[in-house]
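Engineer: This is a predicted model, with the sequence first.
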Amino acid sequence: MKIPLGILLPENQADKSNIKKHLFENSYIITVGDRTTEKMIDFDLVPSLQIIDGQEKREQREPPPKLENATELTVDNPAAEITFESIEIIKKAFTLQSPVRLFVNGEEDLLVLPVCIYAPENAVVLYGQPNQGLVIVQITQEIRNKVQTLLDLME
């Protein structure tokens with residue numbers, strides 16, 4: 001995932017006001033990554049779906065704080081893979097009452113791809129681009145098609 005799927009906000013510009021410019025009033029916010037999730041919670045931009053793995057740049061870390069009313073799900077997903085179970089639990093997460101916290105045993109990085117395909121129309125996906133900043137992806141049919149092409153190439 002070297003090339004961002006959406007807008008890349010450099011680290012020094014990834015503040016609440018710049019992020020809010022890319023959100024709609026009723027945005028379904030999805031975060032992929034512990035640091036990104038923690039940052040959004042700190043900004044009071046509570047993700048509808050947060051996908052975390054207790055790691056940052058492949059180093060163990062304390063997961064973001066649990067939200068009081070969040071539904072918690074867990075899935076196994078090895079590094080550099082997207083398992084069938086991960087895709088199914090992501091689909092399930094979108095049917096549940098928000099907020100939903102999906103904890104991944106393994107690695108969550110590539111799960112941004114199925115998230116972009118199955119996310120609701122008003123969704124905005126946020127994930128970190130290591131050592132560069134925050135990527136913000138507005139879910140559109142164009143994004144879905146682009147991501148499906150990437151997934152097809154991975155098979």
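Structural biologist: Sure, I can see it. Note that the structure is a prediction, hence the values are computed from the model and not measured.
Engineer: where in the chain is pLDDT low?
Structural biologist: 1 (pLDDT under 70).
Engineer: distance of the residue nearest in space to the middle of the chain from residue 17?
Structural biologist: By CA atoms, centre = their mean, the chain has its centre lying nearest to residue 32, at 2.5 Å. Computed as CB to CB, to the nearest Å, the residue 32 to residue 17 distance reads 22 Å. C-beta: built from backbone N, CA, C; applies to glycine.
Engineer: about what we covered before: tell me what the closest residue to the residue nearest to the centre of the chain other than its chain neighbours is bridged to.
Structural biologist: Distance criterion CB to CB, 6 or more residues apart in numbering; nearest residue to residue 32, sequence neighbours excluded, is residue 127 at 4.2 Å. Under DSSP bridges, the beta-bridge partners of residue 127 are residue 32, residue 135.
Engineer: Surely residue 127 and residue 110 touch.
Structural biologist: No - Residue 127 is beyond contact range of residue 110, at 10.5 Å (criterion: CB atoms under 8 Å).
Engineer: any idea how far residue 59 is from residue 44?
Structural biologist: Taken as CB to CB, the span from residue 44 to residue 59 is 27 Å.
Engineer: Restricting the selection to alpha carbons, write stretch 82-89 to PDB.
Structural biologist: The C-alpha coordinates for stretch 82-89 follow below in PDB (Å, rounded to 0.1, in the frame of the first residue of the first chain):
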ATOM      1  CA  ILE A  82      -6.600 -10.800   3.800                       C
ATOM      2  CA  THR A  83      -8.400 -13.900   5.100                       C
ATOM      3  CA  PHE A  84     -12.000 -14.900   4.100                       C
ATOM      4  CA  GLU A  85     -12.900 -14.700   7.800                       C
ATOM      5  CA  SER A  86     -11.600 -11.000   7.900                       C
ATOM      6  CA  ILE A  87     -13.800 -10.100   5.000                       C
ATOM      7  CA  GLU A  88     -16.900 -11.800   6.500                       C
ATOM      8  CA  ILE A  89     -16.400 -10.100   9.900                       C
END
